[in-house]
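**Student:** my questions concern the predicted model and sequence given below.
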Amino acid sequence: MGHQVATAPDAAEALDVIASAPVDLVLCDIQMPGINGLELVRQIHDVAPDVPCIVMTGYNTPENSLEALEAGAFWYLEKPFEQERLDVVRKLVDKAIEHGRLKSENRTLQRQLQSRHKFDSIIGKSPSLGRTLSVVEKVADTESTVLITGESGTGKELVARALHYNSRRAERPLVTVNCGAIPEELLESELFGHVKGAFTNAVSHREGRFALANGGTIFLDEIGDMSPSLQVKLLRVLQERTFEPVGSSKTQKVDVRVIAATHRDLPRMIQDGGFREDLFYRLNVLPVEVPPLRERIEDLPLLVHHFLDRARSERGSRVAGMSDEAMQQLMDYDWPGNVRELENVTERLTVLVGEGDIEVEDLPAQIRAEPVSKTLAPRVPSTGLDFNGVVGRFETELIQQALDHTHWNKNRAAGLLGLNRTTLIEKIKKRGIVPPEES
C-alpha cells in the first residue's frame with residue numbers, strides 16, 4: 001500500500017519502536033510473548049493517545065471483540081486474511097490512519113484554543129484589570145457559579161473563556177448562549193431542547209444547550225434579558241441540576257458549570273421586579289467585575305498595538321503604527337463602547353489608511369473632537385452670568401454622565417465622582433435626575 005512499516009516480535013519492542021519515532025497506525029496480534037495485544041493497546045494509548053490500533057486474532061469470539069474495543073482498539077480483525085478480504089483490510093487501514101490524524105489535529109486545535117484563553121492573553125497591565133484577573137485566577141478551577149458584570153464591550157465573554165479553559169472542565173465543551181439575542185419564545189427550547197411535536201414546526205427531537213454542555217461549561221451572556229418565567233426554570237437547574245425539554249415530562253440530569261454575564265444592574269432590577277432575587281444569589285456566588293476601558297485607559301496603547309499586529313498578520317495590513325498625537329487623542333476619548341468600540345475603530349482605520357502611520361486627521365470625528373475636560377469652564381461674558389446656575393448645570397451634567405457610564409449603579413457612579421453614595425443620592429434627588437425609563 002506504500003506505507004513505511006516497522007515490525008516488532010513482542011509488546012516490549014513495539015513500545016520501544018513507538019517511543020523512538022512517530023507512528024500513524026499499529027496492527028498487533030492478541031496472543032504474543034509477554035503481555036498480550038490488548039494490554040499493549042492500553043499502554044500505547046497511555047503514551048500516544050491519538051495512535052489508532054487494529055488488533056488481530058485467530059480466535060474470534062464476541063467477548064474478544066468487545067474486550068478489544070473496550071481496551072481502546074480502533075477495530076478488531078479475524079485472521080487469516082484471505083485474498084477476497086484484503087481490500088477490506090486496506091480500506092480499514094486507510095480509515096484508521098485518517099481517524100488518528102483527525103484526533104491529533106483536534107487535540108492540537110484544543111491546545112491552541114486553550115493557550116489563546118490563558119490569562120496572559122487578556123491584554124492589559126492596569127491595576128484595575130489586574131485586580132479582575134486576580135479574582136478570575138482564584139475562581140477558575142472551582143465548580144462554583146460565576147457572575148461577570150461590566151459594561152457592553154468590556155470583554156466579559158473573553159473572561160468567561162479564560163475561566164473555562166483554565167478549569168478542570170477545559171477538555172469538555174464550552175457552550176455560549178446570548179440570552180438577549182434569542183427571542184423569548186425560542187430561548188427555552190434553545191436552552192433545554194424540545195421533543196417532536198412540542199410546538200408548531202417541532203418536527204424532530206432537539207437537544208438543548210444544557211445537554212450539549214454536559215460535563216463542561218455553559219456561558220449565559222446577557223442574563224439580565226431573560227424573562228421571569230425562564231428565570232424560574234434556570235433556578236431549578238442551578239438548584240437541582242435537572243431540567244425537562246419543552247413538551248416532555250421526562251427529567252434529565254445535567255452536570256454543568258454555569259457562568260453568567262450581564263451589563264445590567266441586577267440589584268436595581270430586583271427592586272423593580274425585573275429579576276428574581278433568589279436567582280441572583282444563585283448566580284452571584286463568585287462575582288467578577290470587568291472594568292470599563294476609561295478606568296484602564298493606560299491599557300489602550302497595548303490594545304491598539306495588539307489590534308494593529310493582528311491586522312498585519314491576518315489581513316496583510318500595511319499600516320505601520322499610530323502617531324503619538326493620534327494615540328493621545330484616543331486616550332482622551334471616553335470610549336462608551338469600551339474595548340469592542342476600540343477594536344472596531346482600529347480595524348476601520350487599518351482599512352481606510354491603507355499604509356503608513358495613523359494620524360489625528362484619520363480618526364473619526366467624534367474622537368477628534370476636543371475632550372470635554374478642556375471645554376468645561378465657560379467664558380465669562382462682559383454682562384456677567386449666573387454663577388450658581390452654571391455650577392448647578394455643571395454638577396448635574398457630571399452626575400448624569402457618571403450614572404450613564406455605570407448604567408445607574410449608584411455605588412460605582414459615586415466612586416467615579418469621588419463621592420459617598422449617600423451624598424450622590426442626595427444630589428440626584430436635589431437635581432431631579434431620573435433614570436431614562438422614568439423620564
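**Tutor:** Happy to help now that I have it. Numbers count the residues shown, from 1 in each chain.

**Student:** would you say Gly321 is within a helix?
**Tutor:** No. According to DSSP: H, G, I helix; E, B strand; the rest coil, Gly321 belongs to no helix; its state is strand.

**Student:** isn't there a strand covering Ala260?
**Tutor:** Yes. Applying three-state DSSP, one finds Ala260 inside a strand.

**Student:** how much space separates the residue sitting nearest the centre point of the chain from Glu188?
**Tutor:** Closest to where the C-alpha atoms of the chain average out (Cα atoms, centre = their mean) is Arg161, at 3.2 Å. For Arg161, the distance to Glu188 equals 25 Å [Cβ to Cβ, to the nearest Å]. All C-beta atoms are positioned from the backbone trio N, CA, C, and that covers glycine.

**Student:** rewinding a little: in the strand or helix carrying the residue nearest to the centre of the chain, what's buried?
**Tutor:** Remark: Arg161 resides in helix 156-165, with elements defined by DSSP states H and E. For helix 156-165, burial by neighbour count (16 or more other Cβ atoms under 10 Å) applies to Lys156, Leu158, Val159, Ala160, Arg161, Ala162, Leu163, His164, Tyr165.

**Student:** starting at the chain centroid, how far to the helix or strand hosting Gln401?
**Tutor:** For Gln401, the enclosing helix or strand under DSSP H and E is helix 387-405. A distance of 38 Å separates the centroid of the chain from that of helix 387-405, by Cα atoms, centre = their mean, to the nearest Å.

**Student:** next SSE after that helix?
**Tutor:** helix 410-417.

**Student:** can you check the pLDDT for the nearest residue to Leu220 once chain neighbours are set aside?
**Tutor:** Excluding the flanking residues, the one nearest Leu220 by Cβ to Cβ, 6 or more residues apart in numbering is Ala260, at 4.5 Å. With respect to pLDDT, Ala260 scores 97.

**Student:** and if you look at Arg85?
**Tutor:** Arg85 carries a pLDDT value of 75.

**Student:** against Leu92, how distant is it?
**Tutor:** Noted for Arg85: a distance of 10 Å to Leu92, by Cβ to Cβ.

**Student:** pull out the buried positions in stretch 412-431.
**Tutor:** Of all the residues in stretch 412-431, those buried under the rule 16+ other Cβ under 10 Å are Arg412, Ala413, Ala414, Gly415, Leu416, Leu417, Leu419, Leu424, Lys427, Ile428.

**Student:** which of those residues sits closest to Arg340?
**Tutor:** Arg412 (19.5 Å; Cβ to Cβ).

**Student:** which residues touch the closest residue to Ala413 other than its chain neighbours?
**Tutor:** Spatial nearest neighbour of Ala413, chain neighbours left out: Ala402 (4.1 Å); criterion: Cβ to Cβ, 6+ apart. Contacts here follow Cβ atoms under 8 Å, 6 or more residues apart in numbering; on that basis Ala402 touches Ala413, Ala414, Leu416, Leu417.

**Student:** can you map out the strands along the chain?
**Tutor:** 26-29, 53-57, 75-78, 146-149, 174-178, 217-221, 242-243, 252-253, 257-262, 286-289, 318-322, 355-358 (DSSP state E).

**Student:** which one of the buried residues of helix 156-165 is nearest to His205?
**Tutor:** In terms of Cβ to Cβ, no member of the buried residues of helix 156-165 lies closer to His205 than His164, at 27.3 Å.

**Student:** low-confidence ranges in this protein?
**Tutor:** 60-61, 107-121, 370-383, 437-439 (pLDDT under 70).

**Student:** let's go with 50 and repeat that
**Tutor:** Low-confidence segments of the chain, defined by pLDDT under 50: 373-375.

**Student:** how about Gln43: what's its closest non-neighbour residue?
**Tutor:** Distance criterion Cβ to Cβ, 6+ apart; nearest residue to Gln43, sequence neighbours excluded, is Leu15 at 6.4 Å.

**Student:** pretty sure that neighbour is touching Ile44, no?
**Tutor:** Yes. Applying Cβ atoms under 8 Å, one finds Leu15 in contact with Ile44, separated by 7.3 Å.

**Student:** those two: who's more crowded?
**Tutor:** Ile44 (23 against 18; other Cβ atoms under 10 Å).

**Student:** and for Gly316, the neighbour number?
**Tutor:** Neighbourhood size, Gly316 [other Cβ under 10 Å]: 7.

**Student:** so how far is Leu303 from it?
**Tutor:** Counting by Cβ to Cβ, the gap from Gly316 to Leu303 is 21 Å.

**Student:** what do you get for Val290?
**Tutor:** Separation of Val290 from Leu303 (Cβ to Cβ) stands at 14 Å.

**Student:** of the two, who's got more company?
**Tutor:** Taking other Cβ under 10 Å, Val290 and Leu303 do not tie; Val290 has more neighbours (26 against 19).

**Student:** how many residues are close by the nearest residue to that one once chain neighbours are set aside?
**Tutor:** Counting by Cβ to Cβ, 6+ apart, Gly150 is the residue found nearest to Val290 once chain neighbours are left out, at 3.4 Å. Gly150 has 20 neighbouring residues, counting by other Cβ under 10 Å.

**Student:** now do the contacts for Thr396.
**Tutor:** Neighbouring residues of Thr396 by Cβ under 8 Å, 6+ apart: Arg431, Ile433.

**Student:** what about it, distance to Arg421?
**Tutor:** Distance from Thr396 to Arg421, by Cβ to Cβ: 18 Å.

**Student:** circling back: could the strands of the chain go into JSON lines alongside distance to Leu69 and mean neighbour count?
**Tutor:** Shown next, in JSON lines, are those (distance: least, Cβ to Cβ, whole Å; neighbours: other Cβ atoms under 10 Å):
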{"stretch": "strand 26-29", "distance to Leu69": "14", "mean neighbour count": "20"}
{"stretch": "strand 53-57", "distance to Leu69": "9", "mean neighbour count": "23"}
{"stretch": "strand 75-78", "distance to Leu69": "7", "mean neighbour count": "17"}
{"stretch": "strand 146-149", "distance to Leu69": "39", "mean neighbour count": "25"}
{"stretch": "strand 174-178", "distance to Leu69": "29", "mean neighbour count": "19"}
{"stretch": "strand 217-221", "distance to Leu69": "30", "mean neighbour count": "24"}
{"stretch": "strand 242-243", "distance to Leu69": "32", "mean neighbour count": "16"}
{"stretch": "strand 252-253", "distance to Leu69": "27", "mean neighbour count": "13"}
{"stretch": "strand 257-262", "distance to Leu69": "31", "mean neighbour count": "26"}
{"stretch": "strand 286-289", "distance to Leu69": "41", "mean neighbour count": "17"}
{"stretch": "strand 318-322", "distance to Leu69": "55", "mean neighbour count": "16"}
{"stretch": "strand 355-358", "distance to Leu69": "59", "mean neighbour count": "14"}
